[in-house]
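Peer 1: please work out how this folds:
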Amino acid sequence: MRKNIVAGNWKMNKTYQDAQALVSEIDNMVKDEVSGDNVEVIVTPPFPFLHSISKLIQGNSRMHLAAQDVSAHESGAYTGEVSASMLKSVGVEYVLVGHSERRQYHNEDADLLLKKMKAALAQGIKPIFCCGEPLEVREADDHFKYVAQQLRETVAHLSNEEFDQIVIAYEPIWAIGTGRTASSAQAQEMHASIREELSRLFNAEAAYNKTILYGGSANPGNAKELFAQPDVDGGLIGGASLKSRDFTDIIKSF
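Peer 2: Got it, this is the predicted structure:
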């Protein structure tokens, strides 16, 4: 069934000590301030901190652990790579795949992203698959077709059972760090378009039940309006996830 999720992507930030302090603050705030079980919280720290953070949050059923990347390979001579089985062994439940920064800076293409999703799924780790359009595509009014093509090149090649295990995150790349802002209406229309494409690729029920996160610049000031949209099921949060108060207030926006 469709879940509300707030996931914090820490990117390449924090030292070990900072990470311990941040996740402890978030964990305590969620325990003290977030009532009910209508939202799942995910933290996505850098690789070196995964094991210790897994231990810190293991007593909080609402807190879950994600990795920022995964290798497409199971094991072997791949210096610097981290496999899905390694992530699984330290308590990782989710992994980001296809984040815009990985696509841009590491030239990750659809074939590689599909392999990464398959590798994660084989270990029981749920991929959070990121998709979204850059500014030039948005300005050309080709954004719906662009994102649909991203899904057709990757997610469409999953089995029905595999598709049931993934989360989708929409990143309006044109509105991240550019000074432009995506409105809640723009977020909703793209999320609805993604759900419609998923319905074509799989079926209406599977698409309706799919969690689709908004990966733009969500913050405590706009999260409630964004999350009130019928096809927005939460957020993949960047900068605001590095501040425990801001991140908790976003979680409380449901």
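
Peer 1: low pLDDT regions in the stretch 101-250 of the chain?
Peer 2: Residue ranges of the stretch 101-250 of the chain with pLDDT under 70: 177, 179.

Peer 1: where do the helices sit along it?
Peer 2: With DSSP state H, counting those that start in this stretch as the criterion, the stretch 101-250 of the chain has helices at 110-122, 135-139, 143-153, 160-163, 184-201, 204-208, 223-227, 244-251.

Peer 1: redo the ones you listed as TSV? Include mean neighbour count.
Peer 2: (Each C-beta comes from the backbone N, C-alpha and C, glycine too.) Shown next, in TSV, are the helices of the stretch 101-250 of the chain (neighbours: other Cβ atoms under 10 Å):
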stretch	mean neighbour count
helix 110-122	20
helix 135-139	14
helix 143-153	17
helix 160-163	14
helix 184-201	18
helix 204-208	13
helix 223-227	19
helix 244-251	21
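
Peer 1: now render these as TSV, adding distance to Ala77.
Peer 2: As requested, the helices of the stretch 101-250 of the chain are exported to TSV (distance: least, Cβ to Cβ, whole Å):
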stretch	distance to Ala77
helix 110-122	16
helix 135-139	38
helix 143-153	28
helix 160-163	28
helix 184-201	36
helix 204-208	38
helix 223-227	44
helix 244-251	38
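
Peer 1: which stretch among those helices comes nearest Pro46?
Peer 2: With Cβ to Cβ as the measure, helix 244-251 is the member of the helices of the stretch 101-250 of the chain nearest Pro46 (16.4 Å).

Peer 1: which other helices and strands does that closest one contact?
Peer 2: Counting by 3 or more Cβ pairs under 8 Å, 6 or more residues apart in numbering; DSSP states H and E, the packing neighbours recorded for helix 244-251 are strand 5-9, helix 16-33, strand 234-237.

Peer 1: export only the CA atoms of it, formatted as PDB.
Peer 2: Provided in PDB are the C-alpha atoms of helix 244-251 (Å, rounded to 0.1, in the frame of the first residue of the first chain):
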ATOM      1  CA  SER A 244      17.100  18.300  13.100                       C
ATOM      2  CA  ARG A 245      14.500  20.900  13.800                       C
ATOM      3  CA  ASP A 246      13.700  21.600  10.200                       C
ATOM      4  CA  PHE A 247      13.600  17.900   9.200                       C
ATOM      5  CA  THR A 248      11.300  17.100  12.100                       C
ATOM      6  CA  ASP A 249       9.000  19.900  11.200                       C
ATOM      7  CA  ILE A 250       8.800  18.600   7.700                       C
ATOM      8  CA  ILE A 251       8.000  15.200   9.000                       C
END
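
Peer 1: distance of Met1 from Asp164?
Peer 2: 10 Å (Cβ to Cβ, to the nearest Å).

Peer 1: more neighbours: those two, which one.
Peer 2: A count of neighbours by other Cβ atoms under 10 Å puts Asp164 above the other of Met1 and Asp164, at 13 against 5.

Peer 1: which residues touch the more buried one?
Peer 2: Going by Cβ atoms under 8 Å, 6 or more residues apart in numbering, Asp164 touches Ala206, Asn209.

Peer 1: go on, Arg195?
Peer 2: By Cβ under 8 Å, 6+ apart, the contact set of Arg195 is Ala207, Tyr208, Lys210, Ile212, Asp231.

Peer 1: try it again with 7 Å
Peer 2: Ala207, Lys210, Ile212, Asp231 (Cβ atoms under 7 Å, 6 or more residues apart in numbering).

Peer 1: taking these one by one, which sit in strands?
Peer 2: Using DSSP state E, the members of the contacts of Arg195 that fall in strands are Ile212.

Peer 1: separation between the closest residue to Ser253 other than its chain neighbours and Val95?
Peer 2: Counting by Cβ to Cβ, 6 or more residues apart in numbering, the nearest residue to Ser253 once its immediate chain neighbours are dropped is Ala223, at 3.8 Å. Per Cβ to Cβ, Ala223 is found 24 Å from Val95.

Peer 1: cheers, nothing more for now.
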